[in-house]
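Visitor: quick one: sequence plus predicted model below, questions after.
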Amino acid sequence: MSERPRLSVIGTGYLGATHAVCMVELGYEVIGLDVDHAKIDALRAGQIPFFEPGLPELLAKHMDSGKLRFTTDYAEVAEFADVHFVCVGTPQKQGQYAADLTYVEAAFTSLAQHLTRRALVVGKSTVPAGTAARMAQLLADVSPNKDVELAWNPEFLREGFAVEDTLRPDRLVFGVHSEWAEQTIRSAFAPVIENGCPVIVTDYATAELVKVAANSFLATKISFINAMAEVCEATGADVTQLADAIGHDARIGRRFLNAGLGFGGGCLPKDIRAFIARAGELGVDQAVSFLRDVDEINLRRRARTVELGLDLNDGSYRGTKVAVLGAAFKPNSDDVRDSPALDVAASIARRGAEVYLYDPEANANAAKRHPELTYVNTLDEAVSGADLVMLLTEWNEFRQMDPEFIGSKVNKRNIVDGRNVLDPVQWRGAGWVYRSLGRP
Ligand SMILES: NC(=O)c1ccc[n+]([C@@H]2O[C@H](COP(=O)([O-])OP(=O)(O)OC[C@H]3O[C@@H](n4cnc5c(N)ncnc54)[C@H](O)[C@@H]3O)[C@@H](O)[C@H]2O)c1
Ligand SMILES: O=c1ccn([C@@H]2O[C@H](COP(=O)(O)OP(=O)(O)O[C@H]3O[C@H](CO)[C@@H](O)[C@H](O)[C@H]3O)[C@@H](O)[C@H]2O)c(=O)[nH]1
């Protein structure tokens, strides 16, 4: 394989669009493909179809370089690239825990049919263990060129930090079955590897499992601290101090010990559920049965947040105006997939509250899922006349709120801090009734 293989990225959603643009930044020629024509039209027009800090600037930088283009045509991609990264979605199946692999199977099939020359196909999507082996067989069965090989390269980027995480990942994991595949995928990450990034070369199953294990660990860490928050609530202890104190132990570490409304997004919730489902198929369901608790602890925090608001509203949401601050599953993202904030907002609206929701970036995505809520474009509009304020996504704009100023806008000084980011002393000092999760 030449020094610089030509790359394709199949599926230009959060992961794929980021990967395509960042690989051009690293010096590769890249073609991105999606079956969603609107997405490809937007990218061709220089627009990133979602909010990700730094990505629009990087796309603009490379738009006219001749090194980046977008298409909906698999034949064009197969003809162009030496290495194909498959980045399509693997959402949770409707009404089940298992991952829906329809998109992965469709993408591999469409690509394989057109592969007339030697190529490495690299799976990046998060998949249940065993999928890569099946996709390798699919390539062998369908591809007209029998020199096509498969590698699995799970992705660990975080939304909101996607550019940084792609240009400077903390590790690369390559599941490969041949020397050629290893050398080829190394050549597709040469600048990152030269920069000192650790590389773990392994088999398909390990590569697939590294990804779900990492997300399971992160989800468990969050649910652990949220379980401690439940105990703190019963004892009058303070979970943020507890997290600081145990976090000083380097073996534990303070990161991912922020108690509050819990985890959401397009990854952690569906990945632990898909892991539970796959472990069941493999006959090792007991090995990961703790993940059911992790999921339940996480969902209980949403219910608890609704209850805290209810307490402050004297037992009923009916006829009250509630300002909900945040809809995205975390700050610096417009992603509302399995968002705890949006879930809580919808739940209190069902109980009769008039919800005024403001998110700096996610209003449009939230409105597609919950059109029954009222969306406003400023913090001011959200809190004006509110009987209760609920901070559910910790955008900086909300962290920095002045309790006096916000207090001058609301009808009643009642606040639920669902992310434990405000200073209770300061807010109570300004006459607010302040409630949070796991703090007295
Ligand atoms: N979002 C993240 O931060 C992140 C990080 C690491 C891993 N992942 C994993 O990456 C995968 C993609 O996640 P995402 O968040 O980018 O999803 P997404 O829904 O934003 O993007 C998926 C894209 O694939 C396209 N697609 C579907 N079928 C296709 C086909 N047959 N051919 C070509 N394109 C097709 C869709 O139109 C969509 O644009 C998932 O497996 C996810 O678990 C995501
Ligand atoms: O201490 C914490 C840390 C996070 N969260 C929540 O956990 C969720 C996930 O946060 P984060 O992991 O930062 O976001 P993602 O972008 O979903 O990234 C996760 O999922 C990706 C997709 O699989 C992986 O690539 C990343 O490594 C993994 O961190 C969010 O709802 C956060 O609000 C907490 O409640 N407390």
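Guide: The structure has been received and is ready for your questions. Numbers count the residues shown, from 1 in each chain. Ligands and ions are numbered 1, 2, ... in the order given.

Visitor: tell me where the stretch 101-250 of the chain has strands.
Guide: Assigned by DSSP state E, counting those that start in this stretch, the strands in the stretch 101-250 of the chain fall at 120-123, 149-152, 172-175, 199-202.

Visitor: what about V176, distance to G123?
Guide: Applying C-beta to C-beta, to the nearest Å, the value for V176 to G123 is 11 Å. C-betas here are computed from N, CA, C, even on glycine.

Visitor: ok, R117 next?
Guide: Distance from R117 to G123, counting by C-beta to C-beta: 19 Å.

Visitor: compare these two (neighbour count), which wins?
Guide: More crowded of R117 and G123, by other C-beta atoms under 10 Å: G123, with 29 against 13.

Visitor: touching, that one and L150? I think so.
Guide: Yes: look at G123 against L150 with C-beta atoms under 8 Å: they come within range, at 6.9 Å.

Visitor: can you list the residues of this protein near ligand 2?
Guide: 126, 155-159, 215, 218, 222, 256-258, 260, 262-265, 267-268, 271, 329-330 (C-beta under 6 Å from any ligand atom).

Visitor: now narrow the residues you listed to whatever sits close to ligand 1.
Guide: Within the residues of the chain next to ligand 2, those near ligand 1 by C-beta under 6 Å from any ligand atom are 126, 155, 157, 159, 267.

Visitor: which members of the residues of the chain next to ligand 2 are classed as buried?
Guide: Buried subset of the residues of the chain next to ligand 2 (neighbour count, 16 or more other C-beta atoms under 10 Å): 126, 155-157, 159, 215, 218, 222, 256-258, 260, 262-265, 267-268, 271, 329-330.

Visitor: got any ranges where the stretch 1-150 of the chain has weak pLDDT?
Guide: For the stretch 1-150 of the chain, the stretches with pLDDT under 70 are 1-2.

Visitor: in it, which residue sits nearest ligand 2?
Guide: T126 (5.6 Å; C-beta to the nearest ligand atom).

Visitor: how about the contacts made by that residue?
Guide: 90, 99, 154-155, 211-212, 215, 267, 271, 274 (C-beta atoms under 8 Å, 6 or more residues apart in numbering).

Visitor: residues contacting P331?
Guide: With C-beta under 8 Å, 6+ apart, P331 has these contacts: 160, 393-396.

Visitor: format the strands of the stretch 101-250 of the chain as TSV; extra columns: distance to A190.
Guide: Formatted as TSV, these follow (distance: least, C-beta to C-beta, whole Å):
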stretch	distance to A190
strand 120-123	14
strand 149-152	15
strand 172-175	11
strand 199-202	11
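
Visitor: those: which one's closest to ligand 1?
Guide: strand 120-123 (9.2 Å).

Visitor: direction included, what does that closest one pair up with?
Guide: strand 83-86 (parallel), strand 149-152 (parallel) (DSSP bridges).

Visitor: D64 belongs to a helix?
Guide: No: checked against DSSP: H, G, I helix; E, B strand; the rest coil, D64 lies outside a helix; its state is coil.

Visitor: give me the domain ranges for this structure.
Guide: Per automatic domain parsing, the structural domains of the chain span 7-202, 212-295, 302-436.

Visitor: enumerate every residue touching the residue of the stretch 301-440 of the chain found nearest ligand 2.
Guide: Ligand 2 sits closest to K330 of the stretch 301-440 of the chain, with a gap of 3.9 Å, by C-beta to the nearest ligand atom. Contact analysis of K330 by C-beta under 8 Å, 6+ apart lists 159-160, 264-265, 393-394.

Visitor: swap in A207?
Guide: Applying C-beta under 8 Å, 6+ apart, the residues near A207 are 132, 152-154, 173-175.

Visitor: most neighbours among those, please name it.
Guide: Busiest of these [other C-beta under 10 Å] is W152, holding 32 neighbours.

Visitor: per-residue confidence at that residue?
Guide: If you check W152, the pLDDT there is 98.

Visitor: report the contact partners of it.
Guide: 122-123, 132, 174-176, 204, 207-208.

Visitor: what residues does stretch 271-282 touch?
Guide: Residues contacting stretch 271-282 (C-beta under 8 Å, 6+ apart): 90, 92, 96-99, 126, 128-130, 211-212, 215-216, 219, 285, 287-289, 291-292, 294-295.
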